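# Next input, structure requested:
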Amino acid sequence: MSDAVCIKNFSYDYPDGTKALDDISLNIAPGQKVALIGANGSGKSTLLLAMVAFIRGKGSVFVKGTEVTAKNAARVRKNIGLVMQNPDEQLFMQTIWEDVAFGPLNMGLSDEDVHTRTHAAIDTVGLTGMETKAPHHLSAGQKRSAAIATILSMNPAIITMDEPDTSLDPRSRNHLVDLLHSLSQTLIIATCNMHFAAQVCDRCILISNGKVVADADTRTILTDQTLMQQNGLETVIIQ
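Below you'll find the model as predicted:
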């Protein structure tokens with residue numbers, strides 16, 4: 001079985017010359033739930049953007065065996081989706097239904113398939129009955145769920161998320177955790193919340209100054225007090 005994501009010696013510099021990612025190499029297997037952890041500015045979000053073909057640097061990124069290039073971008077994005085940090089950047093239509101249906105419609109699917117996918121995605125995230133609601137009337141947690149539904153409706157094998165628990169109250173965060181556990185897709189989640197990472201992910205990749213400094217199972221990484229303190233992160237007690 002091929003990797004869901006394979007990255008080989010990937011580096012990326014910002015336009016001003018600042019190095020954002022420095023010789024990153026890693027493999028993520030299908031079905032894994034992986035947390036990209038690190039302090040703000042460590043390169044987590046940039047790495048997600050490289051996976052979904054929004055930026056290109058030196059080295060190689062492969063998604064389900066397809067190299068991420070300008071030529072292959074559309075093909076890559078059929079297999080991987082990004083849930084942005086700010087749901088308002090992902091929700092721009094008049095209703096939840098229209099937002100969730102937008103992706104399938106632009107994939108050229110039949111009306112029946114669009115309806116089936118849209119209904120299923122909305123149901124999966126627990127927003128059934130709210131299809132005609134305007135996104136700007138939703139709570140922060142509901143907006144996050146709706147943003148996830150816009151990706152689920154396109155049925156990607158891999159879902160990436162940038163700080164998905166931002167601005168959520170405890171009840172909404174718990175709902176999100178349950179939702180993510182229920183998904184069968186490969187999940188790659190950039191987060192600064194170590195407790196959230198511990199709840200959702202079975203593997204952590206620690207990034208510091210654009211480099212992978214640790215990659216192991218969640219318990220090993222998050223309970224390593226020395227490692228976490230060295231990288232400005234909170235140690236988590238995992239029962």
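
# Report how many residues lie close to Val125.
23 (other Cβ atoms under 10 Å). Bear in mind the C-beta positions are built from the backbone N, C-alpha and C, glycine included.

# For it, report the pLDDT, please.
According to the model's per-residue confidence, Val125 sits at a pLDDT of 95.

# secondary structure class for the nearest residue to it once chain neighbours are set aside?
For Val125, ignoring the flanking residues on the chain, the nearest one in space by Cβ to Cβ, 6 or more residues apart in numbering is Ser145 at 4.0 Å. At Ser145, secondary structure determined by DSSP: H, G, I helix; E, B strand; the rest coil is helix.

# Quick one: residues contacting Ser145.
Under the criterion of Cβ atoms under 8 Å, 6 or more residues apart in numbering, the neighbours of Ser145 are Val125, Gly126, Leu127, His175, Leu176, Leu179.

# and the last one, that one's in a strand?
No. Secondary structure assignment places Leu179 outside any strand; it is helix (three-state DSSP).

# Bridged to Ile158, which residues?
In this entry, Ile158 is beta-bridged to Ile80, Thr186, by DSSP bridges.

# related to what we said a few turns ago, just the ones of the contacts of Ser145 in helices?
Among the contacts of Ser145, DSSP state H puts His175, Leu176, Leu179 in helices.

# Closest one of those to Gly232?
Using Cβ to Cβ, Leu176 is the member of those that sits closest to Gly232, with 24.5 Å.

# can you give me the strands for this protein?
5-13, 19-28, 33-37, 58-63, 66-67, 80-83, 158-162, 186-191, 203-208, 211-217 (DSSP state E).

# any weak-confidence spans in this protein?
The chain contains residues with pLDDT under 70 at 1, 239.

# can you do 90?
Counting by pLDDT under 90, the ranges of the chain that qualify are 1-2, 14-15, 17-18, 41, 108, 166-167, 236-239.

# of the contacts of Ser145, buried ones?
Using 16 or more other Cβ atoms under 10 Å as the burial test, the contacts of Ser145 include Val125, Leu127, His175, Leu176, Leu179 as buried.

# Kindly reformat the residues you listed as TSV containing distance to Ala197.
Converted to TSV, the buried ones among the contacts of Ser145 look like this (distance: Cβ to Cβ, whole Å):
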residue	distance to Ala197
Val125	21
Leu127	25
His175	17
Leu176	13
Leu179	16
